[in-house]
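A.B. asks: Test case, fold it:
(one chain, ligands or ions: 1)
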Amino acid sequence: MTPDASLLLHWYDHHRRTLPWRAAPGQQADPYHVWLSEIMLQQTVVQTVIPYYQRFLARFPTVDALAEAPQEEVLQLWAGLGYYARARNLHACAQAVHKLGAFPRTVEGLQTLPGIGAYTSRAIAAIAFNIPTVPVDGNVERITARLNAVEDPLPAARPLLARLASHLNDDPAAQARPSDFAQALFDLGASLCSPRSPSCLTCPWQDGCLARARNMAEALPARQKKKARPTRHAILFRVIDPEGRVLLRSRPPEGLLGGTDDLPGTPWSESQSTPSPARLAETAFTRYAPLQAQWEDCGEVKHIFSHFTLLVRIYGCTIPAQSNYPIPPKHGRFRFLKEAVLSSVMKKCLLVGDRHRPVPG
Ligand code: SF4
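C.D. replies: Numbering: from 1, shown residues only. Next up, the predicted model:
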């Protein structure tokens, strides 16, 4: 179905969200602002993104400034937002745009840049360059499933929903205001057409919506049952030197939390092959501890990743002044916190317990 775009745009003109990356009504959005916000918003909610976006923009006011910054500084500012491949791609993309002189102004051109796929290219093209295209994120998928009462479960229904969504802007009113139409869809999905308890009675598209007519909005989109999230276990060692620095090693640039800093310790083992806690501790102390010490149990940290839960037991020690404990380089080097790139899980690991904590800052 092709809904009446003028109804949605009228609603948007009165209820649009004010967001730091959004241009004022009637103004053209800056492609750098749109791109930066879209990369940050992948897998992350708006309220979390806002302070990161503001810090990035204060430090890197232009895409050229971001391109010229050292990658380590970019990762440091990103630390805590998760999915660190995004930060590396962000930097690589800024460098590519810097070389080109500007962001490409087509969906196809945008897709040649690192980290920009089908959704992000359409979001930038529509919002910043006013190109009539529909970016299909989770919000737009949900609206499309409901408008058309698509009962096939996700993720299998994704290609069908993408095809249906590509017609949402067929109406001439949408073609006349591509930037506002895309943002109106996002706002509808983020407010009235929310995942739980959609507010159909105040929705500008209620008359044409099949899910509302069939009283099944809340049940859509259907989802295939997820497998239970497995648990991984690890033991990490928090070693503090007499200056209050902490022993940290760098994770490889690729893969989970790539390029961030980590406490040394055991690998994060899958639940199927996890030894008993006593066995894990014994192996940890003999094979993975960076030094022989009077280890103190500082507590446990639980962190939920998208595809597994991590349970980490932290053992700590503080090296007394004027002592000489040689630590093999594979366990890392002592660093002040301000020099480290810390993921959210590592921040938790550094804070748990009252003793053997690095100096703050
Ligand atoms: S009527 Fe309800 S289900 Fe349909 S688009 Fe509007 S809020 Fe969503």
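A.B. asks: The closest residue to L168 other than its chain neighbours sits in which helix or strand?
C.D. replies: Spatial nearest neighbour of L168, excluding adjacent residues (C-beta to C-beta, 6 or more residues apart in numbering): V134 at 5.2 Å. (Glycine included, C-beta is placed from N, CA and C.) Assigned by DSSP states H and E, V134 falls within no helix or strand.
A.B. asks: what does Y53 give?
C.D. replies: helix 46-59.
A.B. asks: Would you indicate which residues of that helix are buried?
C.D. replies: Under the neighbour-count criterion of 16 or more other C-beta atoms under 10 Å, helix 46-59 has 46, 49, 52-53, 56-57 buried.
A.B. asks: Point out the other helices and strands that the worst-scoring helix or strand of the chain on mean pLDDT packs with.
C.D. replies: One helix or strand of the chain scores below all others by mean pLDDT, DSSP states H and E: helix 277-283, with a mean of 71. Here helix 277-283 touches strand 231-240, going by 3 or more C-beta pairs under 8 Å, 6 or more residues apart in numbering; DSSP states H and E.
A.B. asks: Provide a list of residues in contact with the nearest residue to A293 once chain neighbours are set aside.
C.D. replies: Nearest non-adjacent residue to A293, counting by C-beta to C-beta, 6+ apart: C317, 4.0 Å away. By C-beta atoms under 8 Å, 6 or more residues apart in numbering, the contact set of C317 is 237-240, 291, 293-296, 356.
A.B. asks: Mind doing that once more with 6 Å?
C.D. replies: C317 sits next to 239, 293, 295, 356 when contact means C-beta atoms under 6 Å, 6 or more residues apart in numbering.
A.B. asks: Out of those residues, which one has the lowest pLDDT?
C.D. replies: Least confident by pLDDT among those: that is A293, with 88.
A.B. asks: next one: phi and psi at that residue?
C.D. replies: Per-residue torsions, A293: phi -150, psi 170 (degrees, to the nearest 10).
A.B. asks: now it: how far from Q175?
C.D. replies: Look at A293 and Q175: by C-beta to C-beta, to the nearest Å, they are 68 Å apart.
A.B. asks: The two: which has the busier surroundings?
C.D. replies: Ranked by neighbour count (other C-beta atoms under 10 Å), A293 and Q175 place A293 first, with 16 against 12.
A.B. asks: sec struct for G299, please.
C.D. replies: Reduced to three states with DSSP: H, G, I helix; E, B strand; the rest coil, the structure at G299 is strand.
A.B. asks: For it, name its beta-bridge partners.
C.D. replies: Beta bridges link G299 to I314, judged by DSSP bridges.
A.B. asks: give me the number of residues near it?
C.D. replies: G299, neighbours per other C-beta under 10 Å, totals 15.
A.B. asks: can you pull the pLDDT of it?
C.D. replies: 94.
A.B. asks: Same check on P252?
C.D. replies: Model confidence at P252 (pLDDT) stands at 88.
A.B. asks: Show the backbone phi and psi for the closest residue to it other than its chain neighbours.
C.D. replies: Using C-beta to C-beta, 6+ apart and skipping residues adjacent in sequence, the residue nearest P252 is G258, 6.2 Å away. Taking degrees, to the nearest 10, you get phi -50, psi 130 for the backbone angles of G258.
A.B. asks: so G258 sits right up against Y84, yeah?
C.D. replies: Yes - at 5.1 Å, G258 counts as touching Y84 under the criterion of C-beta atoms under 6 Å.
A.B. asks: can you pull out the helices in the stretch 151-300 of the chain?
C.D. replies: 158-165, 172-176, 178-190, 210-213, 277-283 (DSSP state H, counting those that start in this stretch).
A.B. asks: Need the winner for burial among those helices.
C.D. replies: helix 178-190 (a mean of 22; mean count of other C-beta atoms under 10 Å).
A.B. asks: and the angle for it with helix 158-165?
C.D. replies: Put simply, helix 178-190 runs at 130 degrees to helix 158-165, going by axes from the mean of the first three to the mean of the last three C-alpha atoms, to 10 degrees.
A.B. asks: all strands of the stretch 251-361 of the chain, in order?
C.D. replies: Listed in chain order, the strands of the stretch 251-361 of the chain (DSSP state E, counting those that start in this stretch) span 261-262, 296-304, 309-318, 333-335.
A.B. asks: next one: the stretch 101-250 of the chain
C.D. replies: 231-240, 246-250.
A.B. asks: got those as TSV, with mean neighbour count columns?
C.D. replies: What follows is these, written out as TSV (neighbours: other C-beta atoms under 10 Å):
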stretch	mean neighbour count
strand 231-240	22
strand 246-250	21
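A.B. asks: Mind checking those strands for the one nearest to the ligand?
C.D. replies: Closest of those to the ligand is strand 231-240, at 36.2 Å (criterion: C-beta to the nearest ligand atom).
A.B. asks: What is the closest one packed up against?
C.D. replies: strand 309-318 (3 or more C-beta pairs under 6 Å, 6 or more residues apart in numbering; DSSP states H and E).
A.B. asks: same question for the strand it packs on, mean pLDDT?
C.D. replies: On average, strand 309-318 scores 94.
A.B. asks: and the angle from that strand to strand 231-240?
C.D. replies: Using the same axes, to 10 degrees: strand 309-318 against strand 231-240 is 20 degrees.
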